[in-house]
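Undergrad: dropping the sequence and predicted coords here.
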Amino acid sequence: MTRARIHLLVSAVLVVLLSGCARQQKGPVTIRYMAWGNAQHLRVEQQIIDNFEKEHPNIKVKLFAVPDSAYHQKQQIMLASRTAPDVMKVELHYFPALVRKGYFRPINDFVESDPTLDLDDYFPQPLDECSYNGKLYGFNIAFGGQVLYYNKDLFRKAGIPDPYEQWKAGKWTWTEYLDAAKKLTIRDKNGRTLQYGTLMPHHWTVIWSFGGELVSPDYKRCVLDSPESIRALQFMKDLRWKYRVNPTPAEGAMSAFNFNSGRVAMYFGWSGQTPVILEGCKGAFEWDIAPVPAGPAGRFTPLKGNVMAIYIESKHPREAYEFIKYVTSAKSEMFICGKLRRWITTHKSVYNDPEYLVAHTPPYHTDVFRGEMEYGKRPPINERFIQWNTELAVGLSRMWTGELDAKEAVAFMKPRIERALNEEDW
Amino acid sequence: MPYYQTLFYFVLRISNFEFSTDMIKRKPLTERASFWGFLFICPWLLGFIIFTGGPMLASLVLSFCKYDLQRVTFIGLGNYERMFVGSEHAYFYKSLTNTALYVLFSVPMGLTGSLLLAVLLNQKVKGVTIFRTLFYLPALTPAVASALVWMWVFHPECGILNNFLTMAVPIPTLSGIEFRPLITNPPQWLQSSTWALPAFILMSLWGIGGGRMIIFLAGLQGISDEYYEAARIDGAGAIAQFRHVTLPLLTPTIFFNMVLGVIGAFQVFTAAYVMTGGGPNNATLFYVLYLYRHAFEQFHMGYAAALAWVLFIILFTFTLIQFRHSTKWVHYEGEGK
């Protein structure tokens, strides 16, 4: 080949290569998104992604789902091995511990330079949960509290007024709850239980409503040994072992008694579970929701969300930010929280919109969702939450099996919880 | 014998004979037999070093460090101290006790069961091959699937085990024959901290028809009929034949199954992970489950490596004791004992 031909060939190759590079920059950006959920939740996620891609044609989102039980481990391994996706849902229980290790990218710079974002439209608690050390690390997703799901048919059959009606009439406390549960527990002549009145409420709900607390505000001491907390825990234990309106762990093993089967009249669940229950009951019985019962210190329900965070080493942080902004925007939340009834909205504009309360499928008592904001309380979650909550769970389970009384269980748990709270990470 | 013992044996043989004589004769490298031997095992040796030996060494080093997949910090005997006397010692000894109890009961029962099953399947009965296949089927079922089914068997209310135990049977009483259940208060199995471990031991019995039974069967078929004939001539009945002919000649097989059985039983994990996740109040917290928790749920990799090496030393000691003790009761044929 002559020298001229060689020069021509080389320049042709370079032109092709460089033009290829230029085309890459203008082409669609793909970001990876990791989420948990069953098939139904994932269908909703995919719907949101499709809507997002229509509005932002240059961004493609690749969703990959991880089963609930393996989600946190997989997420931690991906974060530690630096293969994490651009956007991921982080469960609030794990968020403080992970954000401390510097895995997530703060979005303050994007938020400040974004003219379309109205931070004032968000309620303070959801944004607070996504912050750490003064920096915002994402937007809140799957925000919700605990409500009482109840089987309307069973209540009607037993001739007891609805929990919702009782609440509306102004009298829905643990006393009325226990009364209803006793009437709704049916046993046959051999003593075998055919129907149980209730499943166990969340310990946060009960402890707070009796005026107790779990840990001190500085997260250094465990304050479960206060008389109010012990009374609350004893009440929970008595539900199962004294009043017998709640299945024992043995009887309830492997969901032998669960709400969807129609064998339990009352169930305490997160507000985000409504579509799961809707699909699970398949219209076999009528059900709806009511607020959790009030205790001597008032009505409280745990109210928390999760963080949709951006990985710190993501190559497309701006596109990731656009995505998380879209998923948690007022429009998306009107669709998810309003129509699908999955979560509680974090936007004031949606909360005050009457459209938010319109329901075409159960649950129809949508004012309960509004009420959650009023008596919802933020659970005590800090960097050592997983460790001390494990100790709490072990102690509680010794109560649920009937082995220990509340006072003994607290005496067993308290030193362990305090050790877990104050221990160094190892 | 395990493969590395074979390799060592091979290396020793070469080095004792060809290698030294080849060196003495000062042959060039490519003409020595040892060179070609090493060359042919090179691929396996490389694989062993890269995928087994190297990681084992790394794990030993990590057991003296704190490693959470991000940073490695040398902490000396910190992990071992935490394990034996430190903050984790209660869980460590609990998991060790649970595992030891499991091994203590499941291995002898399993061996006896497999042996009796093998003797049964060694009979010249019509269709014995079909029976052998059927009895081997439990070994083919996936561990997780069978664990899930066993969870239902052990369910305190709807499980077939408790239904069987509370079955109404005719019991003769003073007022005549009455139908009453055998046991009115059946154990709560996986929900009770006293009965969860026995539940696992019972569950291990369903594995008696597995590989161990096949090996016993092979051992039984290796006993020549002449011994039985001689015993019969001397007037031995079936049980005496079993005691004086079968068992002594089977001791090598029993020894093999026992060594492997102990090593396997110490590593019980899948069933506990699926069924109880550590059990009511840590009643079924087995050693490997405890290790898994620290390694993959809490990312205490250094501590988990230390746990793994402690398990290795325990198993090594047990195996050594068994080997030393075996000379007293294992009769190998052809050794003129």
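TA: Perfect, I can see it now. No experiment lies behind these values; they were computed from the predicted model shown. Numbers count the residues shown, from 1 in each chain, chains lettered A, B, ... in the order given.
Undergrad: how about stretch A:139-154: buried residues?
TA: The neighbour-count check on stretch A:139-154 (16 or more other Cβ atoms under 10 Å in any protein chain shown) flags A:139-152, A:154 as buried. Just so you know, the C-beta spots here come from the backbone N, C-alpha and C atoms, and that holds for glycine as well.
Undergrad: so, low pLDDT: which residues of the stretch 1-150 of chain B?
TA: Low-confidence segments of the stretch 1-150 of chain B (pLDDT under 70): B:1-26.
Undergrad: nearest to chain A: which residue in it?
TA: Using Cβ to the nearest Cβ, the single residue of the stretch 1-150 of chain B nearest to chain A is residue B:69, 3.6 Å away.
Undergrad: ok, that residue touching residue A:80?
TA: Yes - counting by Cβ atoms under 8 Å, residue B:69 touches residue A:80, with 3.6 Å between them.
Undergrad: so what sits against both of the two?
TA: Counting by Cβ atoms under 8 Å, 6 or more residues apart in numbering or on different chains, the shared contacts of residue B:69 and residue A:80 are residue B:299.
Undergrad: who's more crowded, those two?
TA: residue A:80 (16 against 13; other Cβ atoms under 10 Å in any protein chain shown).
Undergrad: one step back: so which of the buried residues of stretch A:139-154 belong to helices?
TA: Using DSSP state H, A:152, A:154 are the members of those that sit in helices.
Undergrad: how many neighbours does residue B:130 have?
TA: Residue B:130: 9 neighbours (other Cβ under 10 Å).
Undergrad: need the residues of chain A near chain B, please.
TA: A:73, A:76-77, A:80-81, A:101, A:248-251, A:253-254, A:256, A:394, A:397-398, A:401, A:403, A:419, A:423, A:426 (Cβ under 8 Å from any Cβ of the partner chain).
Undergrad: distance check, residue A:52 against chain B.
TA: 32 Å (Cβ to the nearest Cβ, to the nearest Å).
Undergrad: can I assume that residue sits in a strand?
TA: No - judged by DSSP: H, G, I helix; E, B strand; the rest coil, residue A:52 forms no part of a strand; its state is helix.
Undergrad: can you tell me the element the nearest residue to it once chain neighbours are set aside falls in?
TA: In space, and not counting its chain neighbours, residue A:52 is closest to residue A:326: 4.9 Å by Cβ to Cβ, 6 or more residues apart in numbering or on different chains. Following DSSP states H and E, one finds residue A:326 within helix A:317-327.
Undergrad: then that helix to PDB, C-alphas only?
TA: Provided in PDB are the C-alpha atoms of helix A:317-327 (Å, rounded to 0.1, in the frame of the first residue of the first chain):
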ATOM      1  CA  PRO A 317     -26.400  10.600  38.800                       C
ATOM      2  CA  ARG A 318     -28.400  13.200  37.000                       C
ATOM      3  CA  GLU A 319     -30.600  10.700  35.200                       C
ATOM      4  CA  ALA A 320     -31.000   8.700  38.400                       C
ATOM      5  CA  TYR A 321     -32.100  11.900  40.200                       C
ATOM      6  CA  GLU A 322     -34.700  12.500  37.500                       C
ATOM      7  CA  PHE A 323     -36.000   9.000  37.900                       C
ATOM      8  CA  ILE A 324     -36.300   9.100  41.700                       C
ATOM      9  CA  LYS A 325     -37.900  12.500  41.500                       C
ATOM     10  CA  TYR A 326     -40.500  11.100  39.000                       C
ATOM     11  CA  VAL A 327     -41.300   8.000  41.100                       C
END
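Undergrad: that helix: how far from the chain's middle?
TA: Distance of helix A:317-327 from its chain centroid, counting by Cα atoms, centre = their mean, to the nearest Å, is 21 Å.
Undergrad: again, but for stretch A:213-220
TA: 22 Å.
Undergrad: how long is that stretch from one end to the other?
TA: From its first residue to its last, stretch A:213-220 covers 13 Å (Cα to Cα, to the nearest Å).
Undergrad: next, the buried residues of it.
TA: Under 16+ other Cβ under 10 Å, the buried positions of stretch A:213-220 are A:213, A:214, A:215, A:219.
Undergrad: would you enumerate the residues in contact with the residue nearest to residue A:52?
TA: So residue A:326 contacts A:48, A:52, A:55, A:56, A:332 (Cβ under 8 Å, 6+ apart).
Undergrad: buried subset of those residues?
TA: A:48, A:52, A:56, A:332.
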